[in-house]
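Participant: would you be able to build a 3D model of this:
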Amino acid sequence: MAGKQHGRDAFVSQGFDSWNKRQSLRDHMGGIDSFHHKAKENCEFLLKEKQSISAAFNKQTKIEEKIVLDICKEIGKDVFSLLVDESSDVLKKEQMVIVLRYVDNRGVVKERFFGVVHVKDTSSLTLKAAIDDVFTRNNLSMSQLVIVGVAKKHDGVDDFFKQLSLVVNVVGGSCKRQDMLRESQRERVQMSIGNGELETGRGLNQESSLIRAEDTRWGSHFKTITSLMNLFPEVRHVLAYVEEGSTLSNRNQAFGILKYFKTLDFMFYLHLMYEILHLTNVLSKHLKKKDQDILEATSLVRRTMDALKSLRDTGFAKLLSKVFSFCQKHDINIVEMTENYVTSRGRKT
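Facilitator: Below is the predicted model:
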């Protein structure tokens, strides 16, 4: 290097001339802000393991793992709600942000950032698989999700949803049964139109089928209940067919479901969960709108809470009237409400 810059060309272009002169070495090293000293300082930093980039990343990872572990310990086996959002990073790679909301042992509602997961796309199946993986790695369970957990804390509701899942599996267990369901529905619709019981028009009386519910998508539970109520005669017809001519396991399942269909438990929970999930489903659809105003959203939540409170406080008689009407329509014996009622578990009420 030439001029007043530190270092001599003797050290870089013309061999190591004058290497034994101390002043030449000092000139090459330069002052405290010289390139030489800065390079030496950076080299020393690099050799210090605690100040390396990898060490910083490892330290950050350990902190994150401890935070996640503390959150999981705080939740324990209790229920929590899940908040999920998806977006893309600066490299246009899809990612999912997970936040957990729960109540700690002091009754304080907490909302904690749980992590960011990269996903190949933002379809519901991919996001569900990613959530399953996160839950598995952190010893959390889908059954702890608050709406699933609250439902399963009530024996009757838990039994109802188990039976509902079994109905979908048995009725949709083969193409023949699905075809039988559709054909039976078509015949009933034609007969009802002929009797003047159904109106005709565009979009009316379309073919439908039983919808399978998913634990993390409670709107699908509402659709399952709705489809069962609409296809109740056809479902009973298919179950009667299975009961008469199938494997022993399927016959026993069909027999058990048909027996459960005739209980007050089933009829009551069918209509109760329909009413509850109908209200929450309407709210959910409105909140998913991207142009939803925060004041309008707050008002919707308040109205939904008021409607649920009204259902709890004064809606029993109206609900029971719907249960009896449904039973009468489908030729199911109505219980005498003045007599003692024995539950499926043998308890008198």
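Participant: residue ranges in this structure under the pLDDT threshold?
Facilitator: Along the chain, the model assigns pLDDT under 70 to residues 1-29, 46-60, 86-92, 122-124, 142-153, 193-208, 214-218, 290, 292-294, 334-349.
Participant: any idea where the helices of it begin and end?
Facilitator: 22-29, 35-47, 53-75, 124-137, 146-152, 155-171, 175-194, 218-230, 232-244, 248-261, 264-287, 294-314, 316-329 (DSSP state H).
Participant: can I get those helices in JSON lines including distance to V84 and mean neighbour count?
Facilitator: No exception for glycine: its C-beta is placed from N, CA and C like everyone else's. Below are the helices of the chain laid out as JSON lines (distance: least, C-beta to C-beta, whole Å; neighbours: other C-beta atoms under 10 Å):
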{"stretch": "helix 22-29", "distance to V84": "58", "mean neighbour count": "13"}
{"stretch": "helix 35-47", "distance to V84": "40", "mean neighbour count": "11"}
{"stretch": "helix 53-75", "distance to V84": "16", "mean neighbour count": "12"}
{"stretch": "helix 124-137", "distance to V84": "7", "mean neighbour count": "14"}
{"stretch": "helix 146-152", "distance to V84": "14", "mean neighbour count": "16"}
{"stretch": "helix 155-171", "distance to V84": "22", "mean neighbour count": "17"}
{"stretch": "helix 175-194", "distance to V84": "32", "mean neighbour count": "14"}
{"stretch": "helix 218-230", "distance to V84": "14", "mean neighbour count": "18"}
{"stretch": "helix 232-244", "distance to V84": "33", "mean neighbour count": "18"}
{"stretch": "helix 248-261", "distance to V84": "34", "mean neighbour count": "15"}
{"stretch": "helix 264-287", "distance to V84": "13", "mean neighbour count": "18"}
{"stretch": "helix 294-314", "distance to V84": "18", "mean neighbour count": "12"}
{"stretch": "helix 316-329", "distance to V84": "33", "mean neighbour count": "13"}
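Participant: of those helices, which approaches V97 most closely?
Facilitator: helix 124-137 (11.0 Å; C-beta to C-beta).
Participant: so Y269 sits against D155, correct?
Facilitator: No: using C-beta atoms under 8 Å, Y269 makes no contact with D155, being 10.8 Å away.
Participant: hmm, back to that, can the helices of the chain go into a markdown table with extra columns for distance to D104?
Facilitator: Converted to a markdown table, these look like this (distance: least, C-beta to C-beta, whole Å):
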| stretch | distance to D104 |
| --- | --- |
| helix 22-29 | 60 |
| helix 35-47 | 42 |
| helix 53-75 | 6 |
| helix 124-137 | 19 |
| helix 146-152 | 14 |
| helix 155-171 | 26 |
| helix 175-194 | 47 |
| helix 218-230 | 25 |
| helix 232-244 | 44 |
| helix 248-261 | 39 |
| helix 264-287 | 25 |
| helix 294-314 | 23 |
| helix 316-329 | 34 |
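Participant: so which of those helices is nearest R212?
Facilitator: Nearest to R212, of these and by C-beta to C-beta, is helix 155-171 at 5.2 Å.
Participant: measure how that closest one sits relative to helix 175-194, angle-wise.
Facilitator: Interaxial angle, helix 155-171 versus helix 175-194 (axes from the mean of the first three to the mean of the last three C-alpha atoms, to 10 degrees): 100 degrees.
Participant: tell me the helices and strands packed up against helix 155-171.
Facilitator: helix 146-152, helix 175-194, helix 218-230, helix 232-244, helix 248-261, helix 264-287 (3 or more C-beta pairs under 8 Å, 6 or more residues apart in numbering; DSSP states H and E).
Participant: reformat those helices as CSV; add distance to V99.
Facilitator: Output for the helices and strands packed on helix 155-171, formatted as CSV (distance: least, C-beta to C-beta, whole Å):
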stretch, distance to V99
helix 146-152, 14
helix 175-194, 39
helix 218-230, 18
helix 232-244, 39
helix 248-261, 38
helix 264-287, 16
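Participant: mind checking which of those helices is nearest G115?
Facilitator: helix 146-152 (19.3 Å).
Participant: so G315 sits against H271, correct?
Facilitator: No: in this structure, G315 is not within contact of H271 by C-beta under 8 Å, at 10.5 Å.
Participant: list the contacts of K285.
Facilitator: G219 (C-beta atoms under 8 Å, 6 or more residues apart in numbering).
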